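Chemist: Here is a sequence together with a model predicted from it:
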Amino acid sequence: MRSVAACVVLAACLTGACAPTGLARTPGGRLYRAKCGSCHVRPESARFDRGGWVRVLDAHRDRLRLDGGQRLELLEHLAARPAAP
């Protein structure tokens, strides 16, 4: 099972899904890579509305250990909608 997950992550990176975007270069994007990226592939911002992302951060509070400013930066990153191509 672990090898399947590794293949999925590798395929995503090889196809450019892991490439830094404008959002990934923000403070929230850097926090995402540092705090969340070891377990999660790049999030789909449309997956949740802002309130949903607040609940996700609440659920991960003990693992993330963010101060108030970091939490806000990460929330802004997660709730941001990427520009349309």
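Modeler: Looks like it came in fine. Numbering: from 1, shown residues only.
Chemist: mind listing the helices for this structure?
Modeler: Residue ranges of the helices in the chain, as given by DSSP state H, are 2-14, 27-31, 50-59, 61-64, 68-79.
Chemist: Out of the ones you listed, indicate the one that is most buried.
Modeler: Most buried of the helices of the chain, by mean neighbour count (mean count of other Cβ atoms under 10 Å): helix 27-31, with a mean of 19. All C-beta atoms are positioned from the backbone trio N, CA, C, and that covers glycine.
Chemist: follow-up on the earlier one: can I get the helices of the chain in JSON lines with distance to residue 39 and mean pLDDT?
Modeler: Converted to JSON lines, these look like this (distance: least, Cβ to Cβ, whole Å; pLDDT from 0 to 100):
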{"stretch": "helix 2-14", "distance to residue 39": "10", "mean pLDDT": "52"}
{"stretch": "helix 27-31", "distance to residue 39": "14", "mean pLDDT": "90"}
{"stretch": "helix 50-59", "distance to residue 39": "12", "mean pLDDT": "94"}
{"stretch": "helix 61-64", "distance to residue 39": "9", "mean pLDDT": "91"}
{"stretch": "helix 68-79", "distance to residue 39": "14", "mean pLDDT": "93"}
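Chemist: Export those to JSON lines and append columns for distance to residue 41.
Modeler: Formatted as JSON lines, the helices of the chain follow (distance: least, Cβ to Cβ, whole Å):
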{"stretch": "helix 2-14", "distance to residue 41": "6"}
{"stretch": "helix 27-31", "distance to residue 41": "14"}
{"stretch": "helix 50-59", "distance to residue 41": "15"}
{"stretch": "helix 61-64", "distance to residue 41": "17"}
{"stretch": "helix 68-79", "distance to residue 41": "13"}
